[in-house]
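Colleague: below are the sequence and a predicted model for it; my questions follow.
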Amino acid sequence: MLSNEYKGTLELIRNEIHSARYHVARSITKEHIMLYWKIGKIIAEKQEEQGWGKSIVEKLSGDLQKEYPESSGYSSRNIWDMRRFYVRYSGNEKLRQLVAEIPWGQNLLILTKVKDDDETLFYIKATKEYGWSRNVLLNQIKSKAYQRALSQNKTHNFETALPEYLSEQADEALKSEYNLEFLGLKEGVKERELEAKMIEKIREVIMEFGAGFTFLGNQYKIRLGEKEYFIDLLFFHRKLQCLVAVELKVGAFKPEYAGKLNFYLEILDDTERTDNENPSIGILLCAEKDTLEVEYALRTTKKPIGIAEYQLTKNLPKKYKNYLPDDKLIIEKLKE
C-alpha cells in the first residue's frame, strides 16, 4: 500500500514539474519573441528616420555579439529578420498577438514561406496547438495543409451517430484527405504494404492525423464468439476519449466497406470500450471516393464513421514512364 501511495505521489510531483517546465518554456519563448519584435521596431524606425543601412546594422550586430557572446541571435542576418518580422506583423493586431506563442524558428519559416494573412494565421495556430517542430511545419506548408483544409469535403455520419457536443469534436478531428506522401509509396500499392509503411513511420502518421491520436496497434484482434477479426490500425483519441478504428483500402470506396467497419465498431464497443469512454469511431481511408455514394452508404450505418481519401506520391521519373504499365493495368493483373 505504501509503495502504491509513493508511486502515486511521485507521479503527481512529476506532472507538476513537467507542467512548470512547460509554462516556463512558453514564458521564455514569449519574452524572446517580444525582444526580437522590439529590436525589429527600433531598426525599422531608425531606417525611416535616419536612413540606417547595411553597414550600420553590421556594426550593431558586431557590438551586440561582443557584448553577449553567449547568444547566437544577433547576427546581422537575424537582425534584418527581426526588422522584417516587425514590418510584416505591425499592421495586423491579431497576428501580432499570436506570433509570440510559437518559437522564433517557426516564425521565421512562416515569415519566409507564407504571404497571405489567413494562411499565416492557420499555420501559427496549428503550430501552437499541435506543437509542430520546424521540420514538421515545413512539411505541412509544402504539402499545402492550408489549401487542403479550405477544400474540406468531409463525409461522415457523426451528426446522426453521436451527441452534438461530440459530433463537432469528431468533425474537427477528421480530415477529408490525408497526405501520406512521406511514406514514399506509389499508387497501386497493396493494402498490407501501405499498412506496414504506416507502422514504420507511425510518428509521421500521427502528426498527419492531428493532435490527440495515440497508437494502440495494427492488425488489432477482436473476437465475436469463436471468430476473430482484425482492425488495420487502432488508435485512442485523448480529446474525444474514444477508440478510433482505421481501415485501409487501396482502391475506390465501396458501400460494403462502411458495413464492415460498422460491424467492427459494434464489436469494439461491446468488448473493448470501457465505461468511461465515448462510442468508438471509424475512419475509412481509401484512394478515392464518390461523395454521393458515401452519403447513401452511411445513411443506414448506426456507428459513427468518416470516409477520407489519402494521397500517395504520384510523380514518376520521366525516364521510367515508358517502361512501366499504368497503375490500373497493374491492379487488374494482380486481381487476375
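Modeller: It's in.
Colleague: would you agree Val244 falls within a helix?
Modeller: No. Going by DSSP: H, G, I helix; E, B strand; the rest coil, the assignment for Val244 is strand, not a helix.
Colleague: please, which helix or strand holds the residue lying closest to it once chain neighbours are set aside?
Modeller: Closest residue in space to Val244, ignoring its immediate chain neighbours: Phe235 at 4.3 Å, by Cβ to Cβ, 6 or more residues apart in numbering. (C-beta placed from N, C-alpha, C; glycine too.) With elements taken from DSSP states H and E, the one containing Phe235 is strand 227-237.
Colleague: so how many other residues sit close to Ser72?
Modeller: Applying the criterion other Cβ atoms under 10 Å, we find 9 residues in the vicinity of Ser72.
Colleague: actually Arg77, sorry about that
Modeller: By other Cβ under 10 Å, the residues close to Arg77 number 10.
Colleague: name whatever forms a beta bridge with the nearest residue to Leu261 once chain neighbours are set aside.
Modeller: In space, Leu261 comes closest to Gly282 once its chain neighbours are excluded; the distance is 4.3 Å by Cβ to Cβ, 6+ apart. The residues paired with Gly282 through beta bridges, assigned by DSSP bridges, are Ala245, Ile305.
Colleague: correct me, but Gly282 touches Gly306?
Modeller: Yes. Because the distance of 7.2 Å satisfies Cβ atoms under 8 Å, Gly282 is recorded as touching Gly306.
Colleague: neighbours around the residue nearest to Val244, how many?
Modeller: Phe235, neighbours per other Cβ under 10 Å, totals 23.
Colleague: what sits against it?
Modeller: Taking Cβ atoms under 8 Å, 6 or more residues apart in numbering as the contact definition, Phe235 lies against Phe209, Phe213, Thr214, Phe215, Leu216, Leu243, Val244, Ala245, Val246.
Colleague: so how far is Lys175 from the third one?
Modeller: When you say that, I think you mean Thr214. Thr214 sits 18 Å away from Lys175, going by Cβ to Cβ, to the nearest Å.
Colleague: and those two? which has more neighbours close in?
Modeller: A direct count of neighbours by other Cβ under 10 Å for Thr214 and Lys175 places Lys175 higher, at 21 against 11.
Colleague: what ranges does the stretch 151-300 of the chain have for its helices?
Modeller: For the stretch 151-300 of the chain, helices defined by DSSP state H, counting those that start in this stretch occupy the ranges 158-161, 164-173, 191-200, 202-209, 255-271, 291-299.
Colleague: tabulate those helices (TSV), appending mean neighbour count and mean pLDDT.
Modeller: Listed next are the helices of the stretch 151-300 of the chain as TSV, based on neighbours: other Cβ atoms under 10 Å; pLDDT from 0 to 100:
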stretch	mean neighbour count	mean pLDDT
helix 158-161	17	78
helix 164-173	16	75
helix 191-200	16	81
helix 202-209	17	79
helix 255-271	17	93
helix 291-299	16	85
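Colleague: I'd like to know which of these is closest to Ile141.
Modeller: When these are compared for distance to Ile141 using Cβ to Cβ, the nearest one is helix 202-209, at 13.5 Å.
Colleague: what angle do strand 227-237 and that closest one make with each other?
Modeller: Between the axis of helix 202-209 and that of strand 227-237 there is an angle of 70 degrees, by axes from the mean of the first three to the mean of the last three Cα atoms, to 10 degrees.
Colleague: helix 202-209 packs against which elements?
Modeller: strand 177-179, strand 213-224 (3 or more Cβ pairs under 8 Å, 6 or more residues apart in numbering; DSSP states H and E).
Colleague: try it again at 10 Å.
Modeller: Helix 202-209 sits against helix 134-142, strand 177-179, helix 191-200, strand 213-224, strand 227-237, strand 242-252, with contacts defined as 3 or more Cβ pairs under 10 Å, 6 or more residues apart in numbering; DSSP states H and E.
Colleague: what's in contact with that helix?
Modeller: In this structure, residues lying in contact with helix 202-209 by Cβ atoms under 10 Å, 6 or more residues apart in numbering are 130-133, 136, 139-140, 143, 145, 173-175, 178-183, 197-199, 201, 212-215, 218, 233, 235, 237, 244, 246, 283, 310.
Colleague: at 6 Å instead, please
Modeller: With Cβ atoms under 6 Å, 6 or more residues apart in numbering as the contact definition, helix 202-209 has outside contacts at Val136, Tyr178, Phe182, Met198, Phe213, Phe215.
Colleague: top of those by neighbour count?
Modeller: Ranked by neighbour count (other Cβ under 10 Å), these have Met198 at the top, with 24 neighbours.
Colleague: residues contacting it?
Modeller: Met198 sits in contact with Val205, where contact means Cβ under 6 Å, 6+ apart.
Colleague: how close does it get to Lys59?
Modeller: Taking Cβ to Cβ, one finds Met198 at 53 Å from Lys59.
Colleague: same question, Glu228
Modeller: Between Glu228 and Lys59 the distance, using Cβ to Cβ, works out to 74 Å.
Colleague: could you report the pLDDT at the nearest residue to Tyr68 once chain neighbours are set aside?
Modeller: In space, and not counting its chain neighbours, Tyr68 is closest to Tyr74: 6.5 Å by Cβ to Cβ, 6+ apart. Per-residue confidence at Tyr74 stands at 82 (pLDDT).
Colleague: fine by me, thanks again.
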